[in-house]
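Participant: fold the stuff below for me.
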Amino acid sequence: MKLSKENIQSIDNYLKHEGFIYVDIRMEMVDHIANAVEGKMEVESLNFYDAFKSYMISNKKEIMKQNKEHGFYFKEPILNFIKFCFNPFIFLMGVLIFFSMNFLLTKFGIQNIGNSILWVVLVIYLVFGFWHFLLTRKKTYFYVEKNFWILFLFFHITNLFKSNFNSNLQSAIIFNSLTLFLFLTFILFYFSERRKFRINYKHLFE
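Facilitator: Sure, this is the predicted structure:
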């Protein structure tokens, strides 16, 4: 017995009320609960309300463990981002960035190129973050948000030591290549996660 859009929305509203702020985590749980409730409705001949109530009484504690709203839960998002970095296209992009940075710094000098890259990245990063906030209207994605703040912290820390990293050509190439690589990879990761979300949970509200 397939649940209606109203049934799915009821599950979503319930999880919102219970503090599931990340839309990707919430939709994962909506999908899981919807399948379980459908099964109970068919096997036990229950209506949606009774099946949902029965399921939540038995499983609410376990479901709430999946809520990653609180705490410094970064392990899974970081691993997800690292896995994305090993995509062949991303790896090729990293190689191209390295050789491009080598050419630019060698030809135009560290002072002209190296010292400006971090600031340009930070400004674009902040503009991108503000655009993301306006676009999603507080619809936050767990894997995106966690990596956003990790990289934001990384850029601030490296900014303190950029003069040391840009002290010689070799370290400047590595430092600026890594900075640009992480930034561009995160942008691609962002759109990849949004696309994956739309594909994975499109069926819920069809």
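Participant: three-state assignment of Asn67?
Facilitator: Under DSSP: H, G, I helix; E, B strand; the rest coil, Asn67 falls in the coil class.
Participant: now do Phe98, the pLDDT please.
Facilitator: What the model reports for Phe98 is a pLDDT of 93.
Participant: that one looks like it's in a helix, true?
Facilitator: Yes - checked against three-state DSSP, Phe98 lies within a helix.
Participant: measure it to Ser177 for me?
Facilitator: Distance from Phe98 to Ser177, counting by Cβ to Cβ, to the nearest Å: 5 Å. Just so you know, the C-beta spots here come from the backbone N, C-alpha and C atoms, and that holds for glycine as well.
Participant: which secondary structure elements does the helix or strand containing Leu188 contact?
Facilitator: Per DSSP states H and E: Leu188 is located in helix 169-201. Packing contacts for helix 169-201, counted by 3 or more Cβ pairs under 8 Å, 6 or more residues apart in numbering; DSSP states H and E, involve helix 23-44, helix 75-85, helix 88-108, helix 110-136, helix 142-160, helix 162-165.
Participant: among those, which comes closest to Lys5?
Facilitator: For Lys5, the closest of these is helix 23-44, at 11.1 Å, according to Cβ to Cβ.
Participant: ok, and for that closest one, which residues are buried?
Facilitator: 23-31, 33-34, 36-38, 40-41 (16 or more other Cβ atoms under 10 Å).
Participant: just stretch 43-54 next, same as before
Facilitator: Of the residues in stretch 43-54, those with enough neighbours to count as buried (16+ other Cβ under 10 Å) are 46, 48, 51-52.
Participant: among the residues you listed, which ones are in helices?
Facilitator: Using DSSP state H, the subset of the buried residues of stretch 43-54 located in helices is 48, 51-52.
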